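Trainee: sequence first, predicted model second:
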Amino acid sequence: MIRMVVLFLGGIIAITILRAVMGMIGKAMGDLVSQPSAGSPAAASKGALKKCAVCGVHAPPHLTRGESHYCSSECAAKA
């Protein structure tokens, strides 16, 4: 009887530890997959807001000349 209770409690502890380890491995794999690669220029500029050289509004760059970014074609025409 005591042996059965000890085995039952040991099994519960082993399952809990196994679930924790598997959860950590799954989270590490998910983080690894979701990271953008450093060599991808599209991933670096995706969603980046730039300050317009004419009006100063932060927006996705519509037009870029050298280091200057413009929020619209109207601002690019003013420059």
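Mentor: That came in fine, so what should we check first? Predicted model, so just to flag it, every value in this text is computed and none were measured.
Trainee: need the contact list for Gly23.
Mentor: Applying CB atoms under 8 Å, 6 or more residues apart in numbering to Gly23 gives no contacts. Any C-beta I mention is one placed from the backbone N, CA and C, and that applies to glycine too.
Trainee: you'd agree it is in a helix?
Mentor: Yes. Counting by DSSP: H, G, I helix; E, B strand; the rest coil, Gly23 is part of a helix.
Trainee: next SSE after the lowest-mean-pLDDT helix or strand in the chain?
Mentor: Sorting the helices and strands of the chain by mean pLDDT, DSSP states H and E puts helix 41-45 at the bottom, at a mean of 49. Sequence order places strand 50-51 as the next helix or strand after helix 41-45, per DSSP states H and E.
Trainee: in the chain, where is pLDDT below threshold?
Mentor: Residues of the chain meeting the criterion pLDDT under 70: 36-47, 61.
Trainee: what are the ranges of the strands in it?
Mentor: For the chain, applying DSSP state E gives strands covering 50-51, 58-59, 63-65, 68-70.
Trainee: outside of the last one itself, list whatever touches it.
Mentor: Here strand 68-70 makes contact (CB under 8 Å, 6+ apart) with Lys50, Lys51, Cys52, Ala53, Val54, Pro61, His62, Leu63, Thr64, Ala76, Ala79.
Trainee: give me the distance from that strand to the chain's centre.
Mentor: Centre-to-centre, strand 68-70 and its host chain are 26 Å apart (CA atoms, centre = their mean, to the nearest Å).
Trainee: which parts of it are buried?
Mentor: Residues Ser68, His69, Tyr70 are the ones in strand 68-70 that count as buried (16 or more other CB atoms under 10 Å).
Trainee: hey, what's the last one bridged with?
Mentor: Right, Tyr70. Residues in a beta bridge with Tyr70, per DSSP bridges, are Leu63.
Trainee: what about Thr16, distance to Met22?
Mentor: From Thr16 across to Met22, the span is 11 Å (CB to CB, to the nearest Å).
Trainee: now Cys71
Mentor: On the measure of CB to CB, Cys71 and Met22 end up 48 Å apart.
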